[in-house]
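K.L.:
prediction below, plus the sequence it came from.
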Amino acid sequence: MPTTPAPAANSSSNGTAEAIMLELVDESGNTIGTAEKLSAHQAPGLLHRAFSVFLFDTSGRLLLQRRALGKYHSPGVWSNTCCGHPYPGEAPFTAAARRTHEELGISPALLAAAGTVRYNHPDPASGLVEQEYNHLFVGLVQASVRPDPEEVDDTAFVTPEELAARHAEVPFSAWFMTVLDAARPAIRELTGPEAGW
């Protein structure tokens, strides 16, 4: 798919979510139209294209982010390295690399496709619904993280054991375990069996 320059209204995931357009897809991931971001997430939700990124350091630890408190959807919860939505016509790989840099100030040293997963996850806190056809990416980070405070409240590198302990104690995004489980084969290939993913 061609990459489309982003309109000014699409420059952030905060603020006026209605102004941001998402790509609607069918069950096979074929584009069938567009919808405003907020309307696509209102119950029962419209199936749309998304992406999720999992970046690891050279020790095989996963980079998590805690979503900024100002986000209209799932604020203040922990989630994978980066997730979001391509602009209509933008390749998911391009969107994943772009948003990782916008949110965390880093460019992955390696970024590889890790399949897709389709899910339907209501967010109990907001009442919004994630009906997503999600493109998964795994990769390596070798630079210092410089989060945008409007997007990211905190970050942490975790081992599988540290992730399990954190997941039991603090809130995570509704989609986190679904995308992590779907990406595990590619994560294990990237990090090796010794990392324990």
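P.N.:
Happy to help now that I have it.
K.L.:
strand partners (parallel or antiparallel) of the helix or strand that residue 135 is a member of?
P.N.:
Element membership of residue 135, judged by DSSP states H and E, is strand 129-140. Applying DSSP bridges to the sheet, strand 129-140 is found paired with strand 48-56 (parallel), strand 110-122 (antiparallel).
K.L.:
export only the CA atoms of the first one, formatted as CSV.
P.N.:
Coordinates of the C-alpha atoms in strand 48-56 are reproduced here as CSV (Å, rounded to 0.1, in the frame of the first residue of the first chain):
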residue,chain,number,x,y,z
HIS,A,48,-10.3,-1.5,11.7
ARG,A,49,-6.6,-1.9,11.0
ALA,A,50,-4.2,-1.6,13.9
PHE,A,51,-0.6,-2.5,14.8
SER,A,52,1.3,-3.6,17.9
VAL,A,53,5.0,-3.4,18.5
PHE,A,54,7.2,-5.5,20.9
LEU,A,55,10.8,-4.3,21.2
PHE,A,56,13.5,-6.0,23.2
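K.L.:
angle of the helix or strand just after that strand against strand 48-56?
P.N.:
Using DSSP H and E, the helix or strand that follows strand 48-56 towards the C-terminus is strand 62-67. Going by axes from the mean of the first three to the mean of the last three Cα atoms, to 10 degrees, strand 62-67 is angled at 130 degrees with respect to strand 48-56.
K.L.:
all set, thanks.
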